[in-house]
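Participant: Here's a sequence, model it:
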Amino acid sequence: MDDVEGTQDAGAAAREAEEARREAEALRRDREKAERAEAKEAERARRDHEKAERDAARAAERRQRDADRRVRDREKAEREDRERREREARDAAREAATRLREAERAERTASLAQQRAARDAEKARRQAVRVAASTAPASGDAPPPADLPPGIAVLWRAPAVGRPGPRPGLSLEQIADAGIALADAEGLDGVSMSRLAESLGFTTMSLYRYVSSKDEVLSLMSDRAAGRPPATGPELGGWRERLEFLLSVQQPVLRAHPWLARTTTMLHAIGPGRLAWMEGMLAALEDTPLTELQKTGAIGVLATHALDQLRVSEQLTTQARAAAVGSSDGDAPDLGTLIGLLTTSATHPALVRAADAGAFSWDSVDQGTLDFGTQLILDGIAQLIAATAASRPQPQTTSSAPGMTADVSDPAVTLGA
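Facilitator: Numbers count the residues shown, from 1 in each chain. All right, here's what the predicted structure looks like:
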C-alpha cells in the first residue's frame with residue numbers, strides 16, 4: 001500500500017516537474033519571441049531614424065546647393081552688371097576723349113587757318129600798296145629802333161613799299177617766304193644767297209640791297225615761320241589749359257619746319273614773332289604764385305624740350321633727303337630701325353623693347369596730343385605752383401595746378417616757337 005502511494009506520489013511529482021518544465025519552456029519561448037519582436041522593432045526604428053537622417057541630410061545638401069547656386073547667380077549677375085557698367089564707362093570716356101581731341105584738333109586747325117588767312121590778307125594789302133605806289137626806292141625802309149644789332153634790327157625794320165613796274169622791288173616778307181620754301185624743300189643747307197636770289201628772280205648782288213647777310217635771312221625766316229600765337233585769355237581755362245593750347249598750336253608749325261632747330265638766330269634774334277610767343281607763354285602763368293624768374297625758367301624748359309625734339313625731327317628729315325639722293329627708294333633708317341639693327345634681346349633687352357614699342361619713332365607720337373616729355377614738364381610746373389601756393393600764409397592765386405623749378409640762365413632760350 002505504501003509502495004503504491006509512493007509510486008503515485010512520484011508520478012505526480014514527475015508530472016508536476018514536467019508541467020513546470022513545459023511552462024518554463026513556454027515562458028522562455030515567449031520571452032525570446034518578445035525579445036525578437038523588440039529587436040525587430042528597434043532595428044526598424046533604427047532604420048527609420050537613419051533614413052530620416054539621410055533624407056534630412058539630402059534635403060540640407062539640396063538647400064545648400066540651391067543657396068550656393070543663388071549666391072553664384074547673384075554674384076554672376078552683379079559681376080556682369082559691374083563689367084557692363086565699367087565697359088560703358090570706358091566706352092563713354094573713350095568717346096568723350098575722342099570728341100575732345102577732335103574738338104582740340106579742329107580748334108588748332110581753325111587757329112592755324114586764321115593765322116594763314118591773316119598772313120595772306122597782310123600780303124595782299126602790301127601787294128596792293130606796292131601796285132598803287134608811284135615810286136618807292138628799296139632803301140626807303142624805316143630805320144629800326146636805335147642801338148639794335150644788325151641781326152635783330154632787320155626783324156624790326158618797317159615794311160618797305162616795293163617799286164612798281166616790270167621789276168618791282170622786294171619786301172623782307174617775300175625774302176623770308178622764299179627762304180622758308182627752300183628750307184622746307186631742301187633743308188637749311190639748300191638756303192644760300194644765290195639760290196634765294198634765283199628763286200626770287202633777282203641777282204645775288206641785288207638781294208644784298210635788302211639784307212646784309214645770310215644770318216639776317218635766317219633771322220627773318222625763323223621769325224616768319226614761327227608766326228604769331230593766337231590770343232589766349234581766361235576763357236580758355238587756367239594756366240595749364242592756356243599753355244597746352246599754345247603748345248598744341250606751336251607743334252604743327254615746328255613739324256612743318258624742322259630746320260628751325262638749326263637756325264641759331266632763332267635763340268638770339270628777338271623779333272616780333274618771338275616776343276609775341278614769349279609774351280603769350282609768360283602771360284599764361286601770370287595768375288600763378290611763381291616769381292618772374294620761375295615763370296621765365298618754366299617756359300625756357302618747355303622751349304628747350306621742343307627744340308630737342310625738333311633736332312631729332314630735323315636729323316631724320318635730313319637723312320631721308322640724303323637717302324632720296326643716294327638711293328632709288330629714298331628710305332633712310334630712323335633711330336628705332338638703327339637700334340633694331342644694332343641690338344638683340346640678349347644684349348640690350350630694354351632698348352629692344354622700347355624700339356619694338358615705337359618709342360624712338362617720330363611718327364609714333366600722336367600729332368593731335370602733346371608728347372610725354374611736355375606733359376611731364378607741365379606736371380612739374382604744376383607741382384611747383386602747388387608747393388609755392390601752399391607755402392604762403394594767404395595764397396594770392398586761384399590757380400589749381402602746381403609747377404616746377406627751371407634754372408635757365410639765358411632768358412633768350414624762352415622761345416615761344
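Participant: hey, let's count contacts and neighbours off CA atoms from now on
Facilitator: OK.
Participant: For Pro150, report the pLDDT, please.
Facilitator: On the pLDDT scale, Pro150 is placed at 62.
Participant: should've said Gln251
Facilitator: pLDDT at Gln251 comes out at 84.
Participant: any idea which element it lies in?
Facilitator: helix 239-256 (DSSP states H and E).
Participant: again, but for Ala386
Facilitator: helix 372-390.
Participant: quick one: low-confidence ranges for the stretch 151-300 of the chain?
Facilitator: Low-confidence segments of the stretch 151-300 of the chain, defined by pLDDT under 70: 151-153, 158-168, 264-269.
Participant: where do the helices sit along the protein?
Facilitator: Ranges of helices within the chain are 2-132, 150-153, 172-186, 193-200, 204-207, 214-226, 239-256, 265-268, 272-284, 292-326, 335-342, 349-356, 372-390, based on DSSP state H.
Participant: Just say which of these is most tucked in.
Facilitator: Sort the helices of the chain by mean neighbour count, taking mean count of other CA atoms under 10 Å, and helix 214-226 sits at the top with a mean of 23.
Participant: Among the helices of the chain, which comes closest to Thr232?
Facilitator: With respect to Thr232, and counting by CA to CA, the nearest of the helices of the chain is helix 239-256 at 6.3 Å.
Participant: Extract the CA atoms of the helix holding Ala386 and return them as PDB.
Facilitator: This file holds the C-alpha atoms of helix 372-390, laid out as PDB (Å, rounded to 0.1, in the frame of the first residue of the first chain):
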ATOM      1  CA  PHE A 372      55.000 112.700 -72.800                       C
ATOM      2  CA  GLY A 373      58.000 115.000 -72.100                       C
ATOM      3  CA  THR A 374      56.000 118.100 -72.500                       C
ATOM      4  CA  GLN A 375      53.200 116.700 -70.200                       C
ATOM      5  CA  LEU A 376      55.900 115.800 -67.700                       C
ATOM      6  CA  ILE A 377      57.300 119.300 -67.700                       C
ATOM      7  CA  LEU A 378      53.800 120.700 -67.200                       C
ATOM      8  CA  ASP A 379      53.200 118.300 -64.300                       C
ATOM      9  CA  GLY A 380      56.500 119.600 -62.800                       C
ATOM     10  CA  ILE A 381      55.300 123.200 -63.200                       C
ATOM     11  CA  ALA A 382      52.000 122.200 -61.600                       C
ATOM     12  CA  GLN A 383      53.900 120.800 -58.600                       C
ATOM     13  CA  LEU A 384      55.900 124.000 -58.100                       C
ATOM     14  CA  ILE A 385      52.800 126.100 -58.300                       C
ATOM     15  CA  ALA A 386      51.100 124.000 -55.700                       C
ATOM     16  CA  ALA A 387      54.100 124.000 -53.400                       C
ATOM     17  CA  THR A 388      54.500 127.700 -53.700                       C
ATOM     18  CA  ALA A 389      50.800 128.400 -53.000                       C
ATOM     19  CA  ALA A 390      50.900 126.000 -50.000                       C
END
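Participant: which stretches of the stretch 301-417 of the chain have low pLDDT?
Facilitator: For the stretch 301-417 of the chain, residues meeting the criterion pLDDT under 70 lie at 313, 316-334, 361-368, 393-417.
Participant: again, only this time at 90
Facilitator: 303-345, 347-348, 351-375, 388-417 (pLDDT under 90).
Participant: Between the two ends of stretch 219-239, how far is it?
Facilitator: Taking CA to CA, to the nearest Å, stretch 219-239 runs 30 Å from one end to the other.
Participant: any idea how far it is from the chain center?
Facilitator: Relative to its chain's centre, stretch 219-239 lies at 23 Å (CA atoms, centre = their mean, to the nearest Å).
Participant: Can you give me the distance of the closest residue to Leu307 other than its chain neighbours to Arg311?
Facilitator: Spatial nearest neighbour of Leu307, excluding adjacent residues (CA to CA, 6 or more residues apart in numbering): Ala261 at 5.9 Å. Using CA to CA, we find Ala261 at a distance of 5 Å from Arg311.
Participant: for Glu5, same thing?
Facilitator: Per CA to CA, Glu5 is found 154 Å from Arg311.
Participant: Likewise for Leu302?
Facilitator: Leu302 is 14 Å from Arg311, by CA to CA.
Participant: what does Ala57 give?
Facilitator: 80 Å.
Participant: returning to what we had before: would JSON lines of the helices of the chain with distance to Gly233 be doable?
Facilitator: JSON lines is the format used below for these (distance: least, CA to CA, whole Å):
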{"stretch": "helix 2-132", "distance to Gly233": "14"}
{"stretch": "helix 150-153", "distance to Gly233": "29"}
{"stretch": "helix 172-186", "distance to Gly233": "29"}
{"stretch": "helix 193-200", "distance to Gly233": "39"}
{"stretch": "helix 204-207", "distance to Gly233": "41"}
{"stretch": "helix 214-226", "distance to Gly233": "20"}
{"stretch": "helix 239-256", "distance to Gly233": "7"}
{"stretch": "helix 265-268", "distance to Gly233": "26"}
{"stretch": "helix 272-284", "distance to Gly233": "8"}
{"stretch": "helix 292-326", "distance to Gly233": "17"}
{"stretch": "helix 335-342", "distance to Gly233": "40"}
{"stretch": "helix 349-356", "distance to Gly233": "39"}
{"stretch": "helix 372-390", "distance to Gly233": "18"}
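Participant: Only alpha carbons, please: show stretch 256-275 as PDB.
Facilitator: Output of stretch 256-275 as PDB, limited to C-alpha atoms (Å, rounded to 0.1, in the frame of the first residue of the first chain):
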ATOM      1  CA  ALA A 256      56.300 121.700 -90.800                       C
ATOM      2  CA  HIS A 257      59.700 123.500 -90.400                       C
ATOM      3  CA  PRO A 258      62.100 121.100 -88.700                       C
ATOM      4  CA  TRP A 259      65.100 123.200 -90.000                       C
ATOM      5  CA  LEU A 260      64.200 125.700 -87.300                       C
ATOM      6  CA  ALA A 261      66.300 123.500 -84.900                       C
ATOM      7  CA  ARG A 262      69.400 124.600 -86.800                       C
ATOM      8  CA  THR A 263      68.800 128.300 -87.000                       C
ATOM      9  CA  THR A 264      70.900 129.600 -84.100                       C
ATOM     10  CA  THR A 265      69.400 133.000 -84.700                       C
ATOM     11  CA  MET A 266      66.100 131.600 -83.500                       C
ATOM     12  CA  LEU A 267      67.500 131.600 -80.000                       C
ATOM     13  CA  HIS A 268      69.200 135.000 -80.000                       C
ATOM     14  CA  ALA A 269      67.400 137.200 -82.600                       C
ATOM     15  CA  ILE A 270      64.300 138.600 -80.900                       C
ATOM     16  CA  GLY A 271      61.800 139.600 -83.500                       C
ATOM     17  CA  PRO A 272      58.100 140.500 -83.300                       C
ATOM     18  CA  GLY A 273      57.000 136.800 -83.600                       C
ATOM     19  CA  ARG A 274      59.500 135.700 -80.900                       C
ATOM     20  CA  LEU A 275      58.400 138.400 -78.500                       C
END
